[in-house]
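*Asks:* Output the structure for:
(chains A, B, C, D, E and F)
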4 protein chains.
Amino acid sequence: MPKIGMEEIRRRQLIDATIASIHELGFGESSLSRISARAGVSTGIVHHYFEDKADLLEATLRHLGNNLHEAVVTRLAAAQTPIDRLMAVIDGNLGPELFTPEGVSAWLAFWAQVPSNERFARVQRIIIGRLHDNLVAALRPLAPAHEVIPVAKLTASLIDGLWLRAALQPAAPDCRAARGMVIDYLNAKLKLNIAVE
Amino acid sequence: MPKIGMEEIRRRQLIDATIASIHELGFGESSLSRISARAGVSTGIVHHYFEDKADLLEATLRHLGNNLHEAVVTRLAAAQTPIDRLMAVIDGNLGPELFTPEGVSAWLAFWAQVPSNERFARVQRIIIGRLHDNLVAALRPLAPAHEVIPVAKLTASLIDGLWLRAALQPAAPDCRAARGMVIDYLNAKLKLNIAVE
Amino acid sequence: MPKIGMEEIRRRQLIDATIASIHELGFGESSLSRISARAGVSTGIVHHYFEDKADLLEATLRHLGNNLHEAVVTRLAAAQTPIDRLMAVIDGNLGPELFTPEGVSAWLAFWAQVPSNERFARVQRIIIGRLHDNLVAALRPLAPAHEVIPVAKLTASLIDGLWLRAALQPAAPDCRAARGMVIDYLNAKLKLNIAVE
Amino acid sequence: MPKIGMEEIRRRQLIDATIASIHELGFGESSLSRISARAGVSTGIVHHYFEDKADLLEATLRHLGNNLHEAVVTRLAAAQTPIDRLMAVIDGNLGPELFTPEGVSAWLAFWAQVPSNERFARVQRIIIGRLHDNLVAALRPLAPAHEVIPVAKLTASLIDGLWLRAALQPAAPDCRAARGMVIDYLNAKLKLNIAVE
DNA sequence: GATGAATGAGGGTTCATTCAT
DNA sequence: TATGAATGAACCCTCATTCAT
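*Replies:* Just a heads-up that it's a prediction; the model follows:
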């Protein structure tokens, strides 16, 4: 008797174990046997729910991207002013629920393979594109038309740089400090007065 | 009588092949047999010039870091004004000789190992520290004292973000655009007037 | 559902193949690929049932030691007189079921590793100790108290020397001759009259 | 200008290093690079003085055998009585100059390969034969004719067993105790009265 | 649905041997 | 004579994947 929803439960278990394994052991040491052991299931089970290891990894990357997108969308729904909306995008990308050691490590591991892995590259382009669109939309009411794209690009690069540097820290990354740096840039560039906290 | 000077030649050959392999195949697929084949030598020779694979990889990372440092030092030697010196640091980090597809890929691949590889982490901290020191020294004549450190940090993060994003491009990364973005930030933040070109 | 009882079967298969390989090819040439080929399994399977090669080898040595012990214990169970018990120990160590070309070769090969392999040394000391204890117990009713230990030691050394010399013979070692030599020594030393047949 | 006697010096250096390496690292870990490093020469030099590794090993075994033979011959030359001559053979085989940890380890390592190495087997048979002949000649004046061969065989086996057991001791083997055991056997068997010391 | 036994390719590494110097 | 750079095969081990149960 097939259990209802087992598929999603197992997929999620394995994806979570993959992220944890990448953080703790590194991408290269994250074998299927270690991932499935961490998930508390057998080795063979992976191939019931994923085509192969590459499929599990791509699903993991998509999962990370979706989490990021949802963090932004949720905050956007509660935003009222243009500044609120801009901060929704920033905070969605640097919020404490995603800007974690595990998230940063896994994220970076996938990004590092983009140059040599077209599959990851494709997913990454989608995620990057969504961040870009969100930033452009949020900046349009706050910046001169010819500055919207450049500022969006710089902001996105800065956010990515903060993720990258977060990977250097053994402890949890400081999301408030990261947020403050982005605000500092936007205040200076757009002559805004967003409070750091 | 053994050949003189082979050591540096072979080490360099292998390091170059490692960088090229990481770019083309990725970190995980860069086996010693593939690296040595690309270098045009046998598998076994690697262990004459490096203790083991980890040693070759660490040497490669150090090589990348040294290149970066030299690019900055060379430009600093020719700089005359404070602005020159600031731009020497920026250009040294984003100059066309290092900001290449291979360099970016390899750099990023090593960075991705930092969370799970203490050896790489140690080297990376040294490299990061040098960039930070260079930026602080260059910014001191140009920024209010209390802004020097924050601006240095933000600039460093931005530079790293630009490297990260450069990894997304199949073609050579646009170093002039990257340079322009950093200048744009510094001009806005420090009320300078550095020309983009 | 995994097969039941495969573990013991496979372990035994591999241990037997190890002994055969050591006899035929020598310790140094007994690679895992050769051993597993001889056992009719793949190379990789060894690491399902043994931690690594050293573990397989240690298990093989323990197997040889246990066989020896059992050969003695079985005979002791049937012994009735003190002489019977002494001969049970002798025959257990020189009986035709263990005093075979394969057994002698493997035994000797492990012994040769003892000076440089603490793991084998530990197991060997246990096996040696058991023989010593068995001999002492068997000799106590047959020898003056002060002679028990010396005679046990000499007998043990003689048995080992007979194993050693058995390794020189391409054909099966002559266990009856070996047995006769030990009896001859004991008769002379203890003024007994044990029949050679 | 070729140095006089260099050949013998180098061969001896390498043979000594081989024995030391077998004792310290074991036969399997005694690679040519380690042996030559221990001898203080380069790797390549081995093939100037020996055909290949097997040749070096065989020369080492022959060297051990010759040492043993010389130890006996030297003592025999000084012997005057039949008992002296018998003890010359015993002491030659158990004397402190050969009955050392290094000698025992190397000896045993070679012996262990006899079953699978015809080359070593051939050398070993010669060495064994010499011991047998020496014992028979020494025993003839001391034992009834029909006992000479059996006693010689038992004595030889006992001596070998004492070598074998000496390999178990991390410290130097106790050659006086070994000698005492052989004397004890001979006294009992041949009703002699040889003093243990 | 789920297991883990089994495979065989490929990983990093060590090695005996060759050879230009 | 002597070196040690260089090779390529073989080592042990790990892996993703398959499949009988």
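
*Asks:* how far away is the residue nearest to the spatial centre of chain A from chain B?
*Replies:* Nearest to the mean C-alpha position of chain A, by CA atoms, centre = their mean, lies A:L68 at 4.5 Å. Taking CB to the nearest CB, to the nearest Å as the measure, A:L68 falls 15 Å from chain B. C-beta coordinates here come from the backbone N, C-alpha and C atoms, glycine included.

*Asks:* and the helix or strand harbouring that residue with DNA strand F, contact?
*Replies:* Under the criterion of DSSP states H and E, A:L68 resides in helix A:53-78. Yes - Helix A:53-78 lies within reach of DNA strand F by CB under 7 Å from any atom of the strand, at A:53-54.

*Asks:* Surely A:R75 touches A:A88?
*Replies:* Yes - contact criterion CB atoms under 8 Å: A:R75 and A:A88 qualify, at 3.7 Å.

*Asks:* what's stretch A:76-93 in contact with?
*Replies:* Residues from elsewhere that reach stretch A:76-93 (CB atoms under 8 Å, 6 or more residues apart in numbering or on different chains): A:68, A:71-75, A:99, A:131, A:134-135, A:137-139, A:141-142, A:155, A:159, A:179, A:182-183, A:186, A:192, A:194.

*Asks:* related to what we said a few turns ago, who's more crowded, A:R75 and A:A88?
*Replies:* A:A88 (22 against 19; other CB atoms under 10 Å in any protein chain shown).

*Asks:* Per-residue pLDDT of the more buried one, please?
*Replies:* Confidence at A:A88, expressed as pLDDT, is 97.

*Asks:* likewise A:I4?
*Replies:* On pLDDT, A:I4 comes in at 59.

*Asks:* Nearest to chain C: which residue in chain A?
*Replies:* A:S42 (9.6 Å; CB to the nearest CB).

*Asks:* host element of that residue?
*Replies:* Using DSSP H and E, A:S42 falls outside every helix and strand.

*Asks:* Follow the chain on from the strand or helix carrying A:H146 and name the next helix or strand.
*Replies:* Secondary-structure assignment from DSSP H and E places A:H146 in helix A:145-166. As assigned by DSSP H and E, the chain's next helix or strand after helix A:145-166 is helix A:175-190.

*Asks:* For that next one, the averaged confidence score.
*Replies:* Mean pLDDT, computed over helix A:175-190, is 96.

*Asks:* Work out the gap between it and the centre of the chain.
*Replies:* 19 Å (CA atoms, centre = their mean, to the nearest Å).

*Asks:* Any part of that helix near chain B?
*Replies:* Yes - Helix A:175-190 comes into contact with chain B (CB under 8 Å from any CB of the partner chain), by way of A:181, A:184-185, A:188-189.

*Asks:* of these, closest to C:L25?
*Replies:* Checking the residues of helix A:175-190 next to chain B against C:L25 with CB to CB, the nearest one is A:M181 at 66.5 Å.

*Asks:* if I pick that closest one, what's in contact with it?
*Replies:* Going by CB under 8 Å, 6+ apart, A:M181 touches A:158, A:162, B:150, B:153-154, B:157.

*Asks:* Poorly predicted segments of chain A, please.
*Replies:* Within chain A, the stretches with pLDDT under 70 are A:1-4.

*Asks:* For chain D, what is the nearest residue in chain A?
*Replies:* For chain A, CB to the nearest CB, closest residue to chain D: A:E29, 28.4 Å.

*Asks:* Could I get the phi/psi values of that residue?
*Replies:* With angles defined as degrees, to the nearest 10, A:E29 sits at phi -90, psi 0.

*Asks:* nearest spatial neighbour of whichever residue of chain A sits closest to chain B, skipping sequence neighbours?
*Replies:* Here chain A gets closest to chain B at one residue, A:G161, 2.8 Å apart by CB to the nearest CB. Nearest residue to A:G161 in three dimensions, chain neighbours excluded: B:G161, at 2.8 Å (CB to CB, 6 or more residues apart in numbering or on different chains).
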